[in-house]
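Asks: Structure for this input, please:
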Amino acid sequence: MKTIRIGGGQGFWGDINDAAIHMVKKGDLQYLACDYLAELTLSIMQRQRQRNPEKGFAQDFIAMLREILPVCMEKNIKVLSNAGGMNVAGAVDEARKLADTLNIKKLKIGYILGDDLLDKLADLQAQGITMKNLDDGRDLSEIRDKIVNANVYFGHEPIVDCLDMGANVVITGRATDSSLFLAPLAYEFGWKPQEWDKLARGIIVGHLLECGGQGSGGNFDYDWRSVPALDDLGYPIAEVGENGGIVVTKAPDCGGLVSEQTCKEQLLYEIHDPANYITPDVVADISQARLTGAGKDRVRLDGVCGKPRPDMLKLCIGYLAGYKIEGYLPFAWPDALDKAQCAADIILKRLARKGLKAEEVRVDFLGVNALHGPLAGEPACKPNEVVLRIALRTRDKKEAAKLAPEIAPLQLNGPPGSCFFGGRPKVSEMIALWPTLVPRDAVKLTPSVLEVK
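Replies: Got it, this is the predicted structure:
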């Protein structure tokens, strides 16, 4: 019986490469899938590309390829990633140059274009596609002149097309995290478009692996102290059998933990409705899923079902939503919190005298309530030190800049026991997310393969 082993090599743009390199060398893989994109990552990449047309993709991916590509070619491990971001062609060209540098011949680089709809928004509106904001129903006209990027989430089918064309490496734009894992399974096992239960299993395999170390003991809320060698965390690997069996494990000779508890935490991560987990490929139902220990660092998954995929695709539009600035000021014992609260009061009064016009003013006390806000309540004991954080969100850049000169003087003009770090606060643009939907048939995706001779 055929079994495919897929490794989850990256959890986000900026993740470390060590675990991916280790599992390529010791994980007995056939595929390595690496997820780099989050909702606002594409907006950041677009701004980079506007400053430099050669950027706009995850250059970390090219650095990782430099380490693993010779081994992957030797072992016939295929690498799939959405690292192309806003510049898929640029990422493909860098991969081609790398292959030339490493003297790797006959490398086939698959890539997919068509998820970038920025230049097509007017045409879509002309067709009657409104693209209203899913959260509040606002009309797109409110932000039309502020849009930075518009990228549609797509599924596994064009990735399968690249694999059909013999690709060793597949680079995409906004392919969904889980589709990077579903695609090789559908390709290897010949799953058909309407085999919803099989597609759902592939999607949930991806869901268990897509966050890298979070699926193998990282960020483990149940018992983080039990995770061995967090400094050498191994990332999760899925063994998927032709008969539908799924086991989550990890590579040997590395840290981390794969247990029922680690898998349960990852399985429920970002799932709003367990019976209806909506993806471009299938609506997955994990309401009857079962996770069962199957040996050391081995957990079996059963009971995943699927329903027909949606007719609409998610479109994430990033737009400029004004400006933000934040400043920090720490205070030491005794009475650290009282001092920080006094300093915040001083700053807010001075900003009021300046006539500040802000959309939002936020005051947090690191060490007291910065993570949990009003749910934190009063601290159980007097903290040794507290850091005041004050942040503004404004429509006008000049308004945000009013905070910049107010932080440093409080070292001498405010409560005692303070110091200044991080430099003078700087104003930066703020990018917001406009979630919406477009009909599936309005999106034209183009898979291609470039061969390095």
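Asks: ok, residue 21 touching residue 66?
Replies: No. If you go by CB atoms under 8 Å, residue 21 and residue 66 don't touch, sitting 10.1 Å apart. (Glycine included, C-beta is placed from N, CA and C.)
Asks: just for the stretch 1-150 of the chain, where's the confidence low?
Replies: Scanning the stretch 1-150 of the chain for pLDDT under 70 picks out nothing.
Asks: again, only using 90
Replies: Along the stretch 1-150 of the chain, segments meeting pLDDT under 90 span 1, 39-40.
Asks: Spell out the residue ranges of the strands in it.
Replies: Ranges of strands in the stretch 1-150 of the chain, per DSSP state E, counting those that start in this stretch, are 3-10, 31-34, 78-81, 107-113, 147-152.
Asks: Then the stretch 201-350 of the chain?
Replies: Taking DSSP E, counting those that start in this stretch, the strands of the stretch 201-350 of the chain run over residues 236-241, 246-250, 277-278, 283-285, 290-293, 299-302, 305-307, 312-332.
Asks: Let me know how buried residue 168 is, in neighbour terms.
Replies: Using other CB atoms under 10 Å, residue 168 is surrounded by 23 other residues.
Asks: So it versus residue 84, what's the distance?
Replies: 16 Å (CB to CB, to the nearest Å).
Asks: Equivalent analysis for residue 7, please.
Replies: According to CB to CB, residue 7 and residue 84 sit 20 Å apart.
Asks: And residue 245, by the same measure?
Replies: Following CB to CB, the distance that separates residue 245 from residue 84 is 32 Å.
Asks: Looking at the two, which is more packed in?
Replies: Between residue 245 and residue 84, counted using other CB under 10 Å, the more crowded position is residue 84 (29 against 15).
Asks: backbone phi and psi for the more buried one, please?
Replies: When read as degrees, to the nearest 10, the backbone of residue 84 gives phi -60, psi -30.
Asks: again with residue 334
Replies: According to degrees, to the nearest 10, residue 334 has phi -90, psi 160.
Asks: so who does it touch?
Replies: residue 382 (CB atoms under 8 Å, 6 or more residues apart in numbering).
Asks: ranges for the helices of the chain?
Replies: Here the chain has its helices, by DSSP state H, at 18-26, 41-51, 59-75, 88-101, 121-126, 157-164, 179-189, 196-209, 260-268, 336-353, 397-401, 410-413.
Asks: So which of these is nearest residue 134?
Replies: Smallest distance to residue 134 across the helices of the chain (CB to CB): 15.6 Å, for helix 121-126.
Asks: can you redo the helices of the chain as JSON lines with mean neighbour count?
Replies: What follows is the helices of the chain, written out as JSON lines (neighbours: other CB atoms under 10 Å):
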{"stretch": "helix 18-26", "mean neighbour count": "21"}
{"stretch": "helix 41-51", "mean neighbour count": "20"}
{"stretch": "helix 59-75", "mean neighbour count": "18"}
{"stretch": "helix 88-101", "mean neighbour count": "18"}
{"stretch": "helix 121-126", "mean neighbour count": "13"}
{"stretch": "helix 157-164", "mean neighbour count": "21"}
{"stretch": "helix 179-189", "mean neighbour count": "25"}
{"stretch": "helix 196-209", "mean neighbour count": "26"}
{"stretch": "helix 260-268", "mean neighbour count": "19"}
{"stretch": "helix 336-353", "mean neighbour count": "17"}
{"stretch": "helix 397-401", "mean neighbour count": "18"}
{"stretch": "helix 410-413", "mean neighbour count": "14"}
